[in-house]
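Trainee: kindly return the folded structure for what I paste below:
(one chain, ligands or ions: 2)
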Amino acid sequence: MPAPALETERTGRRSTHAHHKATSWPEARVVAERAARSVPRQAPVSVPLDASLGLVLAAPLTALTDLPSFDTSAMDGWAVAGPGPWEVREDGVLAGHAEPEALTDGEAVRIATGARIPPDVTAVLRSEHGRIDDKGRLHATRDVVHAQDIRPRGQECRRGDRLLPVGVLVTPAVLGLAAAAGYDTLAAVPRPRVEVLVLGDELLTEGLPQEGLIRDALGPMLPPWLRALGAEVVAVRRLGDDAKALHKAISGSDADLIVTTGGTAAGPVDHVHPTLHRIGAELLVDGVKVRPGHPMLLARTKEKQYLVGLPGNPLAAVSGLLTLAEPLLRTLAGRTAPEPYTLPLQDAVHGHPYDTRLVPVVLRADRAVPLHYNGPAMLRGIAASDALGVVPPGGARAGQELELLDLPWATAGIDVCFT
Ligand SMILES: Nc1nc2c(c(=O)[nH]1)N[C@H]1C(S)=C(S)[C@@H](COP(=O)(O)OP(=O)(O)OC[C@H]3O[C@@H](n4cnc5c(N)ncnc54)[C@H](O)[C@@H]3O)O[C@H]1N2
Ligand code: MOO
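Mentor: Numbers count the residues shown, from 1 in each chain. Ligands and ions are numbered 1, 2, ... in the order given. The predicted structure is shown next:
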């Protein structure tokens, strides 16, 4: 078939024979990560606590105060001085109130959990371990140990202690710790800015598929998923199958990463390759030995800008997202790679003779159960899954350890990763 080869040279469009250029699946992920590493790290930004969930610390979290910042009662009860029985003062000590007066030996004062310990207190006696006699004196119903139930100032940390290193992901727990340690803002690695270009004249944004038109599944799916991978999605634009519009959108974008959907193959309206050729982009990955999703690509469009071309078939797009966009975005966002892990496979999965397969699985009692409806155009399997199983060329037997790629909702819960 000489004609397609000539066509390739003239228009820059690939023929389907281009598969030999395809990168292996593990190598494609390495190339994407390396591409992101070659970009100088963005300057840290100062982000209010309530906007920093999911970001990565760009500076160590250093305690701005001792914690606790004063000696604190760990229990509701009485602060007591010296040995009992004790005369109980009229007033009490509550959390958040002014500095309490010192006690003298033989005195006790009612105290609440979290309240400041008055000077010269020996211990805190829990309310369930004290009894007031008919003269109003307090007796301990069990032995009182010196300093019991007092949290001393600085027990958790001293001002200046390093609580967390650079590179830690800001989780809800990190937010709580940062607030406790006196922070209003955090120094964080900014999210890489991503623009999504949805290609295809056949796409509807509402209603039922009709007259050869189908619903756009990727426009709703990609922005929250990209955000879970660490990105800020600055725009989602629907461009149809319009080569000029695609050229204008790519050459005018100032995003760190452009993600296109569809148009990666060699059909008559597949404009991604010719457009990249036209702007002189460098193709770092042009096809990956993975099913689904083998036409996915990664290009450097400008000095500090990349483009991930996701194939249009929806599960193929997910495959491209996890193969190319995940390592790229994770690295740009300063996140560390998840620890690789495996689980035994419940049932055998047939493989492609030469390519890796990514197959939706559910995790049940420490086994990976492969799901049906895993065709390239189907989302029914992945929508019910916890992870993608990495099936090596040739397939995997029942009981074989299968590498797994976690899906963000399965690991972190929907609110943590998508808000
Ligand atoms: N001659 C060949 N044809 C194709 C090959 C090949 O090797 N030789 N590869 C096939 C594979 S595999 C895939 S995957 C697709 C990739 O195609 P494109 O990236 O060019 O995507 P489109 O042609 O635009 O669309 C493919 C398919 O997906 C549907 N689609 C597109 N966008 C969306 C969306 N946002 N939401 C839902 N569905 C979408 C589109 O309607 C098509 O059905 O190429 C094969 N062809
Ligand atoms: O690889 Mo395509 O991505 O099979 O549908």
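Trainee: list the contacts of the residue nearest to R397 when sequence neighbours are not counted.
Mentor: Spatially, and ignoring its direct neighbours in sequence, R397 is nearest to A348 (5.3 Å; Cβ to Cβ, 6 or more residues apart in numbering). For glycine as for every other residue, the C-beta is placed from the backbone atoms N, C-alpha and C. Residues near A348 by Cβ atoms under 8 Å, 6 or more residues apart in numbering: 395-398.
Trainee: separation between A348 and Y354?
Mentor: 19 Å (Cβ to Cβ, to the nearest Å).
Trainee: below-threshold pLDDT in this structure: ranges please.
Mentor: 1-20, 411-419 (pLDDT under 70).
Trainee: residue numbers of the stretch 301-419 of the chain in contact with ligand 2?
Mentor: For the stretch 301-419 of the chain, the residues in contact with ligand 2 (Cβ under 6 Å from any ligand atom) are 311, 313, 316, 376.
Trainee: among those residues, name the buried ones.
Mentor: For those, a neighbour count by 16 or more other Cβ atoms under 10 Å gives the buried set as 311, 313, 316, 376.
Trainee: domain assignment for the protein?
Mentor: Following automatic domain parsing, the chain resolves into domains at 2-42+191-332, 45-66+160-189, 72-151, 341-408.
Trainee: need these in a markdown table with distance to ligand 1, can you?
Mentor: Converted to a markdown table, the domains of the chain look like this (distance: least, Cβ to the nearest ligand atom, whole Å):
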| stretch | distance to ligand 1 |
| --- | --- |
| domain 2-42+191-332 | 2 |
| domain 45-66+160-189 | 25 |
| domain 72-151 | 53 |
| domain 341-408 | 5 |
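Trainee: mean neighbour count, those domains: which tops it?
Mentor: domain 2-42+191-332 (a mean of 19; mean count of other Cβ atoms under 10 Å).
Trainee: start and end of stretch 129-137, how far apart?
Mentor: In terms of Cα to Cα, to the nearest Å, the two terminal residues of stretch 129-137 are separated by 14 Å.
Trainee: rewinding a little: and of the contacts of A348, the nearest to E128?
Mentor: A398 (56.5 Å; Cβ to Cβ).
Trainee: next, give phi and psi for the closest residue to that closest one other than its chain neighbours.
Mentor: Among residues not flanking A398 along the chain, A348 sits closest, at 4.8 Å (Cβ to Cβ, 6+ apart). Backbone geometry at A348, expressed as degrees, to the nearest 10, gives phi -60, psi 150.
Trainee: before we move on, what about D355?
Mentor: Per degrees, to the nearest 10, the backbone of D355 is at phi -110, psi 160.
Trainee: and if you look at A36?
Mentor: phi -70, psi -30.
Trainee: mind listing what it touches?
Mentor: With Cβ under 8 Å, 6+ apart, A36 has these contacts: 306, 327-332.
Trainee: those into CSV, with extra columns for secondary structure?
Mentor: Below are the contacts of A36 laid out as CSV (DSSP: H, G, I helix; E, B strand; the rest coil):
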residue, secondary structure
Y306, strand
P327, helix
L328, helix
L329, helix
R330, helix
T331, helix
L332, helix
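Trainee: re the thing from before, ok, of the buried ones among the residues of the stretch 301-419 of the chain next to ligand 2, which one's closest to L358?
Mentor: Taking Cβ to Cβ as the measure, L358 lies nearest A316 of these, at 9.5 Å.
Trainee: the closest one reaches M296, doesn't it?
Mentor: Yes. The pair formed by A316 and M296 meets the contact definition of Cβ atoms under 8 Å, at 7.4 Å.
Trainee: list the residues that are in contact with both of the two.
Mentor: L310.
Trainee: give me the element I214 is part of.
Mentor: If you go by DSSP states H and E, I214 is part of strand 214-215.
Trainee: quick one: list the elements packing against that strand.
Mentor: The helices and strands touching strand 214-215, judged by 3 or more Cβ pairs under 8 Å, 6 or more residues apart in numbering; DSSP states H and E, are strand 203-204.
Trainee: each with direction, which strands does the strand it packs on pair with?
Mentor: strand 214-215 (parallel) (DSSP bridges).
Trainee: and for the partner strand, what's in contact with it?
Mentor: Residues from elsewhere that reach strand 214-215 (Cβ under 8 Å, 6+ apart): 202-209.
Trainee: kindly present those as TSV, with separate columns for distance to ligand 2.
Mentor: Below are the contacts of strand 214-215 laid out as TSV (distance: Cβ to the nearest ligand atom, whole Å):
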residue	distance to ligand 2
E202	16
L203	17
L204	21
T205	22
E206	25
G207	25
L208	24
P209	19
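Trainee: and of the residues you listed, the nearest to A173?
Mentor: Distance to A173 across the contacts of strand 214-215 (Cβ to Cβ) is lowest for T205, with 38.3 Å.
Trainee: can you give me the strands in the stretch 51-200 of the chain?
Mentor: Residue ranges of the strands in the stretch 51-200 of the chain, as given by DSSP state E, counting those that start in this stretch, are 56-57, 61-62, 72-73, 77-80, 86-93, 107-111, 123-126, 130-132, 137-140, 150-151, 162-164, 185-189, 193-199.
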